[in-house]
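Asker: Below is the sequence, then the predicted model.
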Amino acid sequence: MLTLVLLIFVAGSSYAQSRNVSGVIKSSTGETMPGVNVLVKGTTIGTASDIDGNFSLTVPSDESILVFSFIGYTSKEVLVGNASELDVTLEEDLSSLSEVVVVGYGTQERAKVTGAISSVGSEEIRALPVASLASAIQGRAAGVNVTNTGSPGTNPIVRIRGIGTVGDNDPLYVIDGMPAGGLNEINPADIESIEVLKDASTAAIYGSRGANGVILVTTKKGKKGKPLVTMDAYYGSQQAWKTLDILNRDQYIAFGRELLANAGDDAPARFDNLGEFANNDIDYQDEMFRTAPIQDYNLGISGGTDNVLYNFSLGYFAQEGIMRGTDFERVSMRANTEYKVNNRVKIGQTLTIAYSNRNIEPFSGGRSQLEHIVKAVPYIPVRDASRPGGFRASDRVDGTDPENPVLNAELRDNNSQEYKILGSAYVSVNILKGLDYKFLVGLDVGIGDNFQYAPSFDAGDFSVSPFATISKTKTNFVSPLFSNQLTYEKDFGKHHIDLLGVIERQTSTFTSLNGQGQNSLTNDVRELQGVENQTTTSTRTEYGLISYVGRVNYDYAQKYLVSASIRRDGGSRFGPENKWGTFPSVSLGWRISEEGFMKNLAAVSDLKLRASYGETGNDRIGDYVYQATINSNLFYNFDENLLTGSTISALANADLKWETTIMKNLGLDLGLFNDQFNLSIEWFENTTEDMILGVPIPPSLGYDGAPVANVGTVRNTGFEVTAGYQLRSGDFQMSIDGNMGFINNELISLGTGNTIFGPGFQGDAALTLTEEGQPIAYFLGWIADGIFQSNEEAQSAPRQNLPDDLIDYDPTIHTAGGDIRFRDINNDGVINDLDRVNLGHYLPDFTYGLNVNASYKGFDLTMFWQGVSGNEIYNGLRYHTEGMTRLFGASDVVLDRWTPSNTNTDVPRAVSGDPNRNARASTRFLEDGSYLRLKNISLGYSIPNAVLQTWSKGTISKLRVYVSAQNLLTFTQYTGYDPEIGVRTGINSTLGTGIDFGQFPAARTIMGGIQLAF
């Protein structure tokens, strides 16, 4: 409080010496200019000119410098001096009608861009505290669907303009010109901008790796000026924003008795005598969820001279998970420099060195921790010091066998440590005027250590391990890049042309070594030395890509725009006849706003039509897929001796080639009132041909695996809308930016005519299905159509898993009153697999985001909303909380179960064994996954520059403090823990996304931060 009073006193003293300056702002043509931004340099003091171009502003001193800026005009700085009135003229700057954006192998003025690019700047990135750069673009780029997985350190699922294959749909990440992975090790604080390349005009230049879109990441570089030291830190607290209502002890026992009695079974012996557990009533959610800290600290120094630019940074990020046993920690260092050797030669480098340490959510018994939580028995204590290991779980007298999730979190280790080196060095030579050569060498190195350990313990009859288990895996990834780039730029009157030629080579080698063993003697030794049943396995894969790239950009008077590129890739993943692929693109643009007939429409500052067409590829099919594989782990009896043998397990396909995506895009860009309002509309169609699939073969051929071939076609169509508005009124400034992306996905052809099954679910062969005429991986199941109110009604309906002889019908074994009626789709009188239908899809009909920034004097407010609509989630967790298939913990929904005295309900009867299969995959557990989320809101205050100058004696140039909240509000009808559902461990991310097996939920975070500059 004393500090605040002193600051106010100093501020008052400073402003007592201030005075007013006013004036008129005009354009070079003599017209007055409303809405010009006027700012005292180095402060937050500012205003904007009124409708007549007038401005009035109180400045701290005669040494104050006023900065006048307006979109489309060159900024101007004016020293106040002794003047009380200033008349200012701004010159139009056509080159700044839009900012420079990063494109493949270079940059381009946005006014000349003819492709579909979404950009996210550093200020937007830092507004949302995230561990991964992929999370930073969620909701900020139209047509980009990002699904966060919640658990600290996991990479979100990113899909750009739908899904084009049943295989890998991840985009290509290019960091400072280096195609690379290991995104967890990239510190978001080091990022200057992110560009998402969405169409062929922009992505085809990456050829065989561009079909799923490209995300370009540019890290911060130094700028000419005195050294600038920055410090940025925040600390926050995370909590689960939602929990479920679970049965308490007494409810669980009553429910269990009825569940078993309806099946003709006796209640567990423990129910009649809880003994030492009589006073226990435990909600395992309270035991597992916790208040978890999150913190981030960054220190940077940057600056430069005419000959040297530099940027160095150190970062530390730590996040504990809101569930026990999970956390993520990262330490990172970045160094970017550039040296001007002489007027023709520059050399530079970028370097990231990072270390991360992640404790991964245990995944034991094929179940997630959330599944263990909801199934837990409420009277079983969490801990028991008398048991080896110190934990407790159920016994046979409890009639059930759920695992103790706290035991898993504290006894089972699954730790992953990653070491990352990502860097490049380059030399740029100006050969002739406009002609430049750049040679770049890049290196991506990843070293990983995974350690899994579980000690011996005895928590109950179903939770016993007589020995400790140890597993260690070491991985190494090395990928060098050699790139030769030649550019030429020339103006011929109103004609402008720039050319690009690239020859590059990138290879990668991945190796892994895994060792496993058991130790029955002690829990204290966590090494593989001297263990029992020790096994060792190793792998090695190599990949190589040689590329030739050409591109030409042409414009006439910045009015008529043409861009064309071609890339030829030679890759190691394809057969001898198809190792090379060619990927062309062409795009056109017409800046209508530059035409003479538009000059009288002063309100239109920019109007551009764009169109593009091209081809991109997808080579992410795995290494050596086109070759026949040999399995040597076979044994056969020969002359009464067991001998080893080898056989070909899968057929080769030497004709295997790239998956090719044909991209079409139409776009319109509109700017009004000097770009105070802007609008961009895109329509696109992406058709993936030669999708790589396994081709079924008859078992009589004797092969274990199906050969792969190019047999599928997929089409994604949609449109995107991006709009923004800026308002300046005196000291108040505000900007609003929003985007929406609509998508439709359809599998056109599978070639072989066979369907593709997704992950199985509770006895059904597949919960998702991929077939012609439908979207990839739609949910497959039955339609629940009410509840039978009597045994007689059940017997008169189409047979639902009933015996052929209804004389032997037993309502305790087969369908009876209280069971779910499933719709007979084909009206054949039997409910079977033929009655399963398309229940929906996990891809949203559209995604959207809204970003609002406002400032008034020293205060600033940022609010970011993000949402999806029209997607379905299969809530598999409800199978466990409401399925009532056997005795487990359940949610309080089952208290409204059907009984002869409670028939007005949609919850079926409780019967162990579920003879009618009420819990089968059906609309019962299918839910609307739409949500609207206040992703981030922050309120900050920047200490006025005059106060800082006096208080810090000129040592501090910026001091901002803020409070922020993440996931503060979520509006959804989804009943699970969280509507952001990715994919469970071990399941294909294309065929199994959107199934909630109990995935880690997102956290609600409240934090405070400080930003300093010296």
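Answerer: Perfect, thanks for sending it.
Asker: Show me where the stretch 101-250 of the chain has its strands.
Answerer: All strands of the stretch 101-250 of the chain, identified by DSSP state E, counting those that start in this stretch, fall at 106-109, 117-121, 144-147, 157-160, 172-175, 178-179, 191-197, 214-219, 225-240.
Asker: Tell me which residues are up against the second one.
Answerer: This means strand 117-121. By Cβ atoms under 8 Å, 6 or more residues apart in numbering, the residues outside strand 117-121 that reach it are 101, 103, 110, 136-137, 140-144, 192-198, 202, 722, 739. For every residue, glycine as well, the C-beta is placed using N, CA and C.
Asker: before we move on, back to that, for the strands of the stretch 101-250 of the chain, give me a markdown table that also has distance to residue 799.
Answerer: Converted to a markdown table, those look like this (distance: least, Cβ to Cβ, whole Å):
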| stretch | distance to residue 799 |
| --- | --- |
| strand 106-109 | 66 |
| strand 117-121 | 54 |
| strand 144-147 | 40 |
| strand 157-160 | 41 |
| strand 172-175 | 52 |
| strand 178-179 | 57 |
| strand 191-197 | 53 |
| strand 214-219 | 53 |
| strand 225-240 | 44 |
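Asker: Look up how far residue 897 lies from the nearest residue to residue 820 once chain neighbours are set aside.
Answerer: Excluding the flanking residues, the one nearest residue 820 by Cβ to Cβ, 6 or more residues apart in numbering is residue 918, at 4.7 Å. According to Cβ to Cβ, to the nearest Å, residue 918 and residue 897 sit 10 Å apart.
Asker: do the same with residue 220
Answerer: Relative to residue 897, and taking Cβ to Cβ, residue 220 is found at 59 Å.
Asker: So which of the two has more stuff around it?
Answerer: More neighbours surround residue 897 than the other of residue 220 and residue 897, with 21 against 17 (other Cβ atoms under 10 Å).
Asker: what pLDDT does the more buried one get?
Answerer: Note on residue 897: pLDDT of 96.
Asker: ok, residue 673 - contacts?
Answerer: Contacts of residue 673 (Cβ under 8 Å, 6+ apart): 35, 603, 605.
Asker: Closest to residue 18 out of the residues you listed?
Answerer: Closest approach to residue 18 among the contacts of residue 673 (Cβ to Cβ): residue 35, at 24.5 Å.
Asker: what helix or strand does the closest one sit in?
Answerer: Residue 35 is part of no helix or strand when elements are defined by DSSP states H and E.
Asker: And residue 682, by the same measure?
Answerer: With DSSP H and E as the criterion, residue 682 is inside strand 677-694.
Asker: For that strand, give the mean pLDDT please.
Answerer: 91.
Asker: Tell me the buried residues in it?
Answerer: By 16 or more other Cβ atoms under 10 Å, the buried positions in strand 677-694 come out as 677-680, 682-694.
Asker: same deal with stretch 59-70?
Answerer: For stretch 59-70, using 16+ other Cβ under 10 Å, the buried residues are 59-60, 64, 66, 68-70.
Asker: and the least confident of those residues?
Answerer: Comparing the buried residues of stretch 59-70 by pLDDT, residue 70 comes last, at 78.
Asker: List the residues that contact it.
Answerer: By Cβ under 8 Å, 6+ apart, the residues touching residue 70 are 33, 35-37, 90, 674.
Asker: which residues of the stretch 801-950 of the chain fall in strands?
Answerer: 820-822, 830-831, 837-840, 846-856, 859-869, 872-874, 926-928, 931-942.
Asker: Do I have it right that residue 259 meets residue 888?
Answerer: No - using Cβ atoms under 8 Å, residue 259 is not in contact with residue 888, being 9.5 Å away.
Asker: more crowded one of those two?
Answerer: Using other Cβ under 10 Å as the criterion, residue 259 and residue 888 rank with residue 259 on top: 26 against 22.
Asker: and that one, what is it in contact with?
Answerer: Taking Cβ under 8 Å, 6+ apart, we find residue 259 in contact with 884, 886-887, 910-912.
Asker: Confirm that it lies within a strand, as I assumed.
Answerer: No - assigned with DSSP: H, G, I helix; E, B strand; the rest coil, residue 259 falls outside any strand and is helix.
Asker: in the sheet, who's paired with residue 532?
Answerer: Counting by DSSP bridges, residue 532 is bridged to residue 518.
Asker: That one: neighbour count?
Answerer: With neighbours defined by other Cβ under 10 Å, the count for residue 532 comes to 10.
Asker: Number the chain from 52, please
Answerer: In the new numbering, first residue 52, that becomes residue 583.
Asker: hang on, the earlier thing: which neighbours in the sheet does the helix or strand following the strand holding residue 733 have, and how are they oriented?
Answerer: Per DSSP H and E, the first helix or strand lying C-terminal to strand 728-745 is strand 759-780. Its sheet considered, strand 759-780 pairs with strand 728-745 (antiparallel), strand 783-800 (antiparallel) by DSSP bridges.
Asker: Pull the distance from strand 759-780 to the chain's centre.
Answerer: 16 Å (Cα atoms, centre = their mean, to the nearest Å).
Asker: List the buried residues for that strand?
Answerer: So for strand 759-780, counting by 16+ other Cβ under 10 Å, buried means 759-775, 777, 779.
Asker: relative orientation of that strand and strand 168-172 in degrees?
Answerer: 50 degrees (axes from the mean of the first three to the mean of the last three Cα atoms, to 10 degrees).
Asker: Am I right that residue 337 sits in a strand?
Answerer: No - counting by three-state DSSP, residue 337 falls outside a strand, being helix.
Asker: Could you measure from it over to residue 886?
Answerer: Per Cβ to Cβ, residue 337 is found 42 Å from residue 886.
Asker: all strands in the stretch 602-751 of the chain, in order from the N-terminus.
Answerer: Assigned by DSSP E, counting those that start in this stretch, the strands in the stretch 602-751 of the chain fall at 611-622, 631-642, 655-669, 680-689, 692-701, 710-723, 728-745.
Asker: Show me what residue 384 is bridged to.
Answerer: Residue 384 forms beta bridges with residue 365, residue 404, as assigned by DSSP bridges.
Asker: Can you pull up the most central residue in this structure?
Answerer: Nearest to the geometric centre of the chain sits residue 207, at 2.9 Å (Cα atoms, centre = their mean).
Asker: Pretty sure residue 698 sits against residue 681.
Answerer: Yes - contact criterion Cβ under 8 Å: residue 698 and residue 681 qualify, at 7.0 Å.
Asker: pLDDT below threshold where in the stretch 102-251 of the chain?
Answerer: In the predicted model of the stretch 102-251 of the chain, residues 122-123, 143-149, 178-180, 182 satisfy pLDDT under 70.
Asker: So for stretch 659-676, what gets flagged as buried?
Answerer: 659, 661-672, 676.
Asker: what do you get for stretch 874-891?
Answerer: Under the neighbour-count criterion of 16+ other Cβ under 10 Å, stretch 874-891 has 874-875, 882, 886-888, 890-891 buried.
Asker: Please apply the same query to stretch 456-474.
Answerer: 456-465, 467, 469-474.
Asker: Mind checking which of those residues land in strands?
Answerer: Residues of those located in strands (DSSP state E): 464-465, 467, 469-474.
Asker: Disregarding flanking residues, what is the spatial nearest neighbour of residue 372?
Answerer: Leaving aside its sequence neighbours, residue 372 sits nearest to residue 203 (Cβ to Cβ, 6+ apart; 4.9 Å).
Asker: neighbours of that neighbour, just the number please.
Answerer: Residue 203, neighbours per other Cβ under 10 Å, totals 27.
Asker: try residue 628
Answerer: 11.
Asker: The one 10 residues further on now?
Answerer: Applying other Cβ under 10 Å, we find 26 other residues in the vicinity of residue 638.
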